[in-house]
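Participant: need a 3D model of the following:
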Amino acid sequence: MPQASSPIGVFDSGVGGLSVLRALLAAMPHERFVYLADSANAPYGERGDAFVAARTHAITEYLREQHHIKALVVACNTATAAAIHEVRSSHPELPLVGLEPAIKPALAVTKTGHVGVIGTRGTLTSAKFGKLMASLADQAHFVVQPCDGLAHAIERSVALPVADQGSPVHATETGALCARYVQAMGSFGTAPGQMDTLVLGCTHYIFVAHELRALVGPGVQFIETGEPVARQTRRLLETAGLQAAPDGAVATDAPRTRLLTTGPVAMLQAAAERWLGLLADCCETVSVP
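Facilitator: Okay, the predicted model is just below:
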């Protein structure tokens, strides 16, 4: 059985979920984490629901059996939409946190009543997302834009030098894709009829916040899910009595954070260093059949 000193499992189809891990590390400094990027099968957003559900089940079993996790954060909107209910049924005793595009928080902050939502096609065409939108459709005007290829481009970008902050947005592959999708959505801004709020409905997208900001302007609010997920995870651990002791990470003589990938380790190492400031030796490649 998991102990309070056991790690929290976090997984995504790739490195995008590191944005959620970053929030978890900040919110729970005494906890240990095992992050798994299923990069060999990324991006999930362009796969079918049956495939994503099968991978979600396999990774949950792997993290429980090999790492004895005490809770699981599904740091992937697509996997949450495709499989969270099944995983919850299969593992009822496991504290489980999933993701969904932060539509409700966006409603709380929009002043114009016009909200943009970007995400993977898998997330935005899912039954779960459709049900969420139907329940809130009369509360604002939503513009929903699938961003095919953007998550994958963000993954590839970690191996490239950081772009000069003064470079044109279109100068990079990620910037060009952001520009294509933002322009397809319509007008952003704070004037009546403009979208003043943008929901980042994929964990990868916070890593192109600079490009998105250049495109939509300074007055548009970005809504992402890392911090709310961290708060919910902490609440579930408190309820279950599974919070680590303040010196837990030291007492176990184990690394605080382990990063695993089913794909090339170099990509995960580059992302961990760039986005989390972690050293390459915390990363390794694993097999999850």
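Participant: tally up the residues packed near residue 242, please.
Facilitator: Close neighbours of residue 242, defined as other C-beta atoms under 10 Å, add up to 18. Yep, even glycine has a C-beta here, placed from its N, CA and C like the rest.
Participant: now the residue most central in space within the chain: how far from residue 154?
Facilitator: Taking C-alpha atoms, centre = their mean as the criterion, residue 203 is the residue nearest the geometric centre of the chain, at 2.8 Å. Residue 203 is 10 Å from residue 154, where distance means C-beta to C-beta, to the nearest Å.
Participant: and what of residue 81?
Facilitator: Counting by C-beta to C-beta - residue 81 and residue 154 are separated by 19 Å.
Participant: between residue 203 and residue 154, which contacts overlap?
Facilitator: Residues touching both residue 203 and residue 154 (C-beta atoms under 8 Å, 6 or more residues apart in numbering): residue 16.
Participant: the spatially closest residue to residue 285 that is not a sequence neighbour: how many residues sit nearby?
Facilitator: In this structure, residue 285 finds its nearest non-sequential neighbour in residue 265, 4.7 Å apart by C-beta to C-beta, 6 or more residues apart in numbering. Neighbourhood size, residue 265 [other C-beta under 10 Å]: 18.
Participant: and what of residue 221?
Facilitator: 17.
Participant: now residue 264
Facilitator: 13.
Participant: that one contacts residue 37, doesn't it?
Facilitator: No: using C-beta atoms under 8 Å, residue 264 makes no contact with residue 37, being 10.3 Å away.
Participant: quick one on the thing from earlier: let's verify the residue lying closest to the residue nearest to the centre of the chain once chain neighbours are set aside: helix, strand, or coil?
Facilitator: Nearest residue to residue 203 in three dimensions, chain neighbours excluded: residue 16, at 3.9 Å (C-beta to C-beta, 6+ apart). When classified by DSSP: H, G, I helix; E, B strand; the rest coil, residue 16 comes out as coil.
Participant: let me see the contact set for residue 16.
Facilitator: Contacts of residue 16 (C-beta under 8 Å, 6+ apart): 75-76, 151, 154-155, 202-205, 207.
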